[in-house]
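> sequence isn't available, so here's the structure alone:
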Ligand SMILES: [Zn+2]
């Protein structure tokens with residue numbers, strides 16, 4: 001028996017012991033001496049582990065003294081006495097488990113037996129601590145059993161809508177089903193295949209955005225190999241995207257990145273096509289559009305967020321069309337189209353690429369930036385990569401998953417760069433054949 005709980009794996013023996021104690025207690029031929037020995041073993045482990053929380057130790061001690069007194073007199077424990085002790089143990093172990101896992105960057109674990117032991121033990125959700133411990137146990141199966149993780153997360157939030165506030169003081173997330181407009185996607189929005197597997201359950205509650213579900217279930221399409229969200233508020237896409245510019249009374253725009261990042265991008269574009277007719281799809285905070293102006297492009301732009309449209313258009317003096325790119329109609333052709341960090345937000349990404357292709361003149365360049373789940377950063381950070389938790393990302397490509405679609409449309413990949421602006425994003429320079 002472990003003498004002290006120091007790491008999560010120690011819970012295995014401790015929980016097995018608690019379960020054995022309960023089984024022994026419930027058995028008709030309960031050996032009181034054996035029961036008493038088990039409780040003593042467990043008490044050692046629990047009391048040694050609770051250095052930080054003396055109050056919990058005192059509560060435990062007084063509950064176990066009553067139990068041990070009774071057992072020492074060879075008296076059968078009353079249900080009241082046993083379950084009072086049992087409840088105190090569960091509360092203590094819940095707090096210990098939270099302490100042990102709250103700061104963990106890597107939560108996922110292959111240890112199916114221990115995962116189930118922890119999830120089952122805390123599944124009673126008797127109070128907020130036990131529910132929080134359950135929630136932390138559930139994080140362990142985010143990759144291994146993503147759909148179950150997603151379902152259990154939601155159940156935890158139904159029980160305690162402000163669950164995270166109990167551990168993270170800055171959390172303002174409150175689960176309210178009526179404000180979440182998720183649609184469920186069972187077909188791949190990239191290739192339309194219905195053959196997908198549950199891939200990873202991301203925790204969105206950490207983002208403090210109440211109009212999103214507390215969890216997002218990533219699906220992996222077995223046909224095209226890309227990822228997409230099982231649950232996503234697509235009807236609200238125009239509202240949830242954008243808002244990158246800061247509203248200010250003096251009409252000044254705030255750059256988010258070093259502006260020379262964009263002149264480097266444009267210089268690479270010019271190595272492929274030197275034309276000036278420029279369309280930007282999704283303007284963000286306007287910095288790329290401003291650099292395009294500085295570098296002499298004849299700029300035009302389309303943006304789905306009204307607020308960003310007004311802010312950037314007012315500040316830069318550029319006419320920006322407020323509409324969904326897929327609904328944008330123009331007879332014009334372009335030499336350069338910019339789709340920076342747009343593809344992962346749209347409902348029909350391949351239609352958006354097709355539209356860009358059709359709007360380019362022969363030899364025109366599409367510059368595309370989108371997260372790559374097989375990027376160097378993602379390979380290094382695994383599920384600690386914050387890209388998994390981006391609330392308004394609907395699809396998640398890999399380069400190998402995207403390339404066949406580009407080939408089919410008639411784009412040639414002229415250059416691949418690791419993004420200078422977002423960790424885990426790829427930047428592609430694509431030329432229309
Ligand atoms: Zn697909």
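The structure has been received and is ready for your questions. Model, not experiment: these values are computed from the prediction. Numbering: from 1, shown residues only.
> got any ranges where the stretch 201-350 of the chain has weak pLDDT?
For the stretch 201-350 of the chain, the stretches with pLDDT under 70 are 247-249.
> where do the strands sit along it?
215-221, 227-229, 231-232, 277-281, 298-303, 320-322, 334-340 (DSSP state E, counting those that start in this stretch).
> so in that sheet, which strands flank the second one, and in what orientation?
Right, strand 227-229. According to DSSP bridges, strand 227-229 forms sheet pairs with strand 215-221 (antiparallel), strand 395-396 (antiparallel).
> in the stretch 51-200 of the chain, where is pLDDT below threshold?
51-53.
> grab the nearest non-local neighbour of the most centrally placed residue in the chain.
Taking CA atoms, centre = their mean as the criterion, residue 389 is the residue nearest the geometric centre of the chain, at 2.5 Å. The shortest distance from residue 389 to any non-neighbouring residue, by CB to CB, 6 or more residues apart in numbering, is to residue 202 (4.9 Å). Placement of C-beta: from N, CA and C, glycine included.
> follow-up on the earlier one: which one of the strands paired with strand 227-229 lies nearest to the ion?
Taking CB to the ion as the criterion, the ion comes closest to strand 215-221 out of the strands paired with strand 227-229, the separation being 3.0 Å.
> quick one: contacts of the closest one?
With CB atoms under 8 Å, 6 or more residues apart in numbering as the test, strand 215-221 has contacts from 146-147, 149-150, 153-154, 185, 188, 190-191, 193, 195-205, 226-232, 388-389, 391, 396.
> could you say what helices and strands the biggest helix by length in the chain packs with?
When the chain is scanned for its longest helix (criterion: DSSP state H), the result is helix 79-101. Here helix 79-101 touches helix 10-26, helix 32-49, helix 54-72, helix 112-122, helix 128-138, going by 3 or more CB pairs under 8 Å, 6 or more residues apart in numbering; DSSP states H and E.
> buried ones in it?
81-82, 84-86, 88-101 (16 or more other CB atoms under 10 Å).
> list phi and psi for residue 369.
Dihedral pair for residue 369: phi -130, psi 130, per degrees, to the nearest 10.
> so it makes contact with residue 339?
Yes: the pair residue 369 / residue 339 is scored as a contact, 7.4 Å apart, by CB atoms under 8 Å.
> what parts of this protein come near the ion?
Within the chain, the residues that sit near the ion (CB under 5 Å from the ion) are 188, 190-191, 193, 221, 223-224.
> pipe these into TSV and attach neighbour count per row.
Output for those, formatted as TSV (neighbours: other CB atoms under 10 Å):
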residue	neighbour count
188	22
190	24
191	17
193	12
221	23
223	13
224	23
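> from these, pick the one nearest residue 383.
Of all the residues of the chain next to the ion, residue 383 sits closest to residue 221, with 19.1 Å by CB to CB.
> for the residue nearest to the closest one when sequence neighbours are not counted, list the residues it contacts.
Excluding its sequence neighbours, the residue lying closest to residue 221 (CB to CB, 6+ apart) is residue 188, at 3.9 Å. By CB under 8 Å, 6+ apart, residue 188 lies in contact with 194, 196, 219, 221, 223-224, 226, 228.
> if we use 10 Å, what do you get?
194-196, 219-228, 395 (CB atoms under 10 Å, 6 or more residues apart in numbering).
> please report the distance of it from residue 409.
According to CB to CB, to the nearest Å, residue 188 stands 17 Å off from residue 409.
> let me see the contact set for the residue of the stretch 1-150 of the chain found nearest the ion.
Relative to the ion, the nearest point of the stretch 1-150 of the chain is residue 146 (17.0 Å; CB to the ion). By CB under 10 Å, 6+ apart, residue 146 lies in contact with 108, 197-202, 215, 217-220, 230.
> quick check, nearest of the residues you listed to residue 159?
residue 215 (14.3 Å).
> and for the nearest residue in space to residue 9 that is not next to it in sequence, the neighbour number?
The shortest distance from residue 9 to any non-neighbouring residue, by CB to CB, 6+ apart, is to residue 114 (6.9 Å). Residue 114 has 18 neighbouring residues, counting by other CB atoms under 10 Å.
> cool, residue 179 as well?
Per other CB under 10 Å, the neighbour tally for residue 179 reads 11.
> quick one: residues contacting it.
Contacts of residue 179 by CB under 10 Å, 6+ apart are 210-212, 233.
> ok, the residue of the chain most remote from its centre to residue 32 distance?
The outermost residue of the chain, judged against the average C-alpha position, is residue 73 (54.2 Å), by CA atoms, centre = their mean. Noted for residue 73: a distance of 9 Å to residue 32, by CB to CB.
> same thing with residue 298?
89 Å.
> repeat for residue 429
Counting by CB to CB - residue 429 and residue 32 are separated by 77 Å.
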